[in-house]
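Novice: heads up, no residue letters with this:
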């Protein structure tokens, strides 16, 4: 037992794999947060347009959501990366920024891929929440002759975001796990770091178990934060 602990200490601390895994976890969180934030910014106006059933636009948004949700996330990453990397390298080579582009582009592609995936699901969550706002509240606002913008931003949207929080939590949990797919483009996030460590040390079970625990830790902390926010927003609405 003591020998095993000494070997683990040497592997994780002396050889620096613990720090490498923590750095990979930080990259994973940055990709997840950046992609989710960008996806939410994209999803919000698209969900509103679909909710209002704008002719032509609503159908385009619906098609986008269906297509993205119907394609594996890994394939979306491949399409974005391999469909653009050649011309990005060509352009950056002309201006002398090829090395910087090679280092930064996997992260940029990762963020945009996660944003595309999360936005497709967020559109459905936000649209469903908007439809769930009691119509009587909107009619009451109309009876007071409130402008549409005031009704939407002061009544409809705040209530919809409260109702959407649970769905947004689910999208975030899915998003943080989907970041593991970004390893295919060479970005050293948590999953790729674990794979490199497993290959070098020939201890795949150990490092993949550690990666699983780190992913679980990130999702568990996120769940606690969302639960606390949801309890706070549910005060006065019968929530606990």
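Specialist: Received the coordinates, thanks. Because the structure is a prediction, the values reported are computed rather than measured. Residues are numbered from 1 along each chain as shown.

Novice: neighbours around residue 112, how many?
Specialist: When neighbours are defined as other CB atoms under 10 Å, residue 112 has 19 of them. Where C-beta positions appear, they are placed from N, C-alpha and C, glycine not excepted.

Novice: Could you look up the SS state of the residue lying closest to it once chain neighbours are set aside?
Specialist: Nearest residue to residue 112, sequence neighbours excluded (CB to CB, 6 or more residues apart in numbering): residue 80, at 6.1 Å. With DSSP: H, G, I helix; E, B strand; the rest coil as the basis, the three-state label of residue 80 is helix.

Novice: Could you check how far residue 80 is from residue 62?
Specialist: According to CB to CB, to the nearest Å, residue 80 stands 22 Å off from residue 62.

Novice: Check residue 110 too.
Specialist: In terms of CB to CB, residue 110 sits 26 Å off from residue 62.

Novice: okay, these two: which has more neighbours?
Specialist: residue 110 (29 against 16).

Novice: Contacts only, for the spatially closest residue to that one that is not a sequence neighbour.
Specialist: Of all residues not flanking residue 110 in the chain, residue 182 sits nearest, at 3.9 Å (CB to CB, 6+ apart). Residues near residue 182 by CB atoms under 8 Å, 6 or more residues apart in numbering: 31, 77, 106, 109, 110, 113, 114, 189, 191, 192.

Novice: For the residue nearest to residue 57 when sequence neighbours are not counted, what is the enclosing helix or strand?
Specialist: Spatial nearest neighbour of residue 57, chain neighbours left out: residue 49 (4.9 Å); criterion: CB to CB, 6+ apart. Using DSSP states H and E, residue 49 maps to helix 17-51.

Novice: Buried residues, that helix. List them.
Specialist: Using 16 or more other CB atoms under 10 Å as the test for burial, helix 17-51 gives 17-18, 20-21, 24-25, 27-29, 31-36, 38-40, 42-44, 46-51.

Novice: can you list the domain ranges for the protein.
Specialist: 29-182, 188-227 (automatic domain parsing).

Novice: Out of those, which gets nearest to residue 10?
Specialist: domain 188-227 (10.5 Å; CB to CB).

Novice: So residue 183 is in contact with residue 196, correct?
Specialist: No - assessed by CB atoms under 8 Å, residue 183 is found out of contact with residue 196, at 9.5 Å.

Novice: out of these two, which sits in the busier spot?
Specialist: Shown here are residue 183 and residue 196; by other CB under 10 Å, residue 183 has more neighbours (22 against 16).

Novice: Quick one: classify that one as helix, strand or coil.
Specialist: Applying three-state DSSP: residue 183 is helix.

Novice: List the residues that contact it.
Specialist: Contacts of residue 183 (CB under 8 Å, 6+ apart): 189, 191, 192, 195.

Novice: Which strand or helix spans the second one?
Specialist: Here residue 191, judged by DSSP H and E, is contained in helix 190-201.
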